[in-house]
Every structure is written in C-alpha cells, then in structure tokens.
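Undergrad: only geometry, no sequence info:
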C-alpha cells in the first residue's frame, strides 16, 4: 500500500510530509490528501515510488537537499 510505504519512508528519513509531497509529487498536500482517502493515479503512484527508491539508495539525497 502506497501510504504505508510513504509513512515508513517519512520515519526512516525524518522528512516532513510537506517536503515529501513537494519533492515526490509536486504537491505539498499530497500526504495529507492520501491520509484523508485520496487515491493517486497510477503514474503519480509510480513516480512517488521511484522517488522513494532513488532517495533511499542515496542517489537522491544530495540532489533533493533543501
């Protein structure tokens, strides 16, 4: 489940949910909307999953530092 993976990612990285939304989905309310029942389109979900994987493997850490 995407939201569960995002919540785990946020705990692992200590990233604020609004920053995650901006970086992964270009929407700072993305996580809040998911928590309230939003169902993302397939391409959005795939982009978010790619972002998390890239970030966790280290390739995205320096590039996405804010």
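TA: Great, that's in hand. Please read these numbers as outputs of a predicted model, since none were measured by experiment.
Undergrad: distance-wise, check residue 40 relative to residue 57.
TA: Distance from residue 40 to residue 57, counting by Cβ to Cβ, to the nearest Å: 22 Å. Where C-beta positions appear, they are placed from N, C-alpha and C, glycine not excepted.
Undergrad: residue 16 too?
TA: Counting by Cβ to Cβ - residue 16 and residue 57 are separated by 21 Å.
Undergrad: what are the ranges of the helices in the protein?
TA: Assigned by DSSP state H, the chain shows helices spanning 2-13, 17-25, 30-35, 42-56.
Undergrad: what's next to stretch 16-31, contact-wise?
TA: Under the contact criterion Cβ atoms under 8 Å, 6 or more residues apart in numbering, stretch 16-31 has outside partners 3, 6, 9-10, 32-33, 38, 40, 44, 47-48, 51-52, 64, 66.
Undergrad: just the buried ones from these, in ChimeraX syntax?
TA: One line in ChimeraX is enough to select the buried ones among these; burial here means 16 or more other Cβ atoms under 10 Å:
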select :6,9,10,40,44,48,51,52,64
